[in-house]
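> Sequence plus the predicted model coming up.
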Amino acid sequence: MTGLMPAEASINEVKGAPRRGNRIGNWLTREQAQELISLPDRESLKGKRDYALLALLLGCGLRRTELVSEVKIGAIAQRENRWVLVDITGKGNRVRSVVVPAWVKAAIDAWTTAAGITEGKIFRAVRKGGKVWG
């Protein structure tokens, strides 16, 4: 660009150079997210679990692996008058804390109270008879 290199050489052609501007994947629109989160029947036990699960994915921007492996009772703590998922180990073994909106915390509380979960992983299987397993 400054004329120090031949015009045919470009930094974008160098192997391993970061590419900016083109992201792979699709994001949900606000309407699609609202439609998705309204699908679970929040009167049933499975519906409460599914709603809390979707709330964490959409409201906190968690990855699936983070949701399954990191979200446990005690991982959600209050810091500076906000609910936070503390020390989530994510992609590339990076540790981060994630703010949990009040509506997501309410969804988690509704699920854990209905399921009687007091320790361990928050999300568990629900048997056909409506009993929590795991």
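Arrived safely, thanks for sending.

> I'd say residue 46 and residue 126 touch.
Yes. Between residue 46 and residue 126 there is a contact at 4.8 Å, judged by Cβ atoms under 8 Å. (Each C-beta comes from the backbone N, C-alpha and C, glycine too.)

> any idea which residue sits dead centre in the chain?
Centroid-nearest residue in the chain, with Cα atoms, centre = their mean: residue 62, separated by 1.7 Å.

> and the residue nearest to that one when sequence neighbours are not counted, which of the three is it?
Once flanking residues are discounted, residue 62 sits nearest to residue 56: 5.5 Å by Cβ to Cβ, 6 or more residues apart in numbering. Following DSSP: H, G, I helix; E, B strand; the rest coil, the label given to residue 56 is helix.

> How about the contacts made by residue 56?
62, 67, 71, 100, 104, 107, 108 (Cβ atoms under 8 Å, 6 or more residues apart in numbering).

> Tell me how many other residues crowd the last one.
Which is residue 108. Number of residues near residue 108 (other Cβ atoms under 10 Å) recorded here: 25.

> Check which helix or strand it maps to.
If you go by DSSP states H and E, residue 108 is part of helix 102-115.

> Whichever helix or strand comes after that helix - contacts with which helices or strands?
For helix 102-115, the following helix or strand on the C-terminal side (DSSP H and E) is strand 125-126. Applying 3 or more Cβ pairs under 8 Å, 6 or more residues apart in numbering; DSSP states H and E, we find strand 125-126 packed against helix 45-60, strand 132-133.
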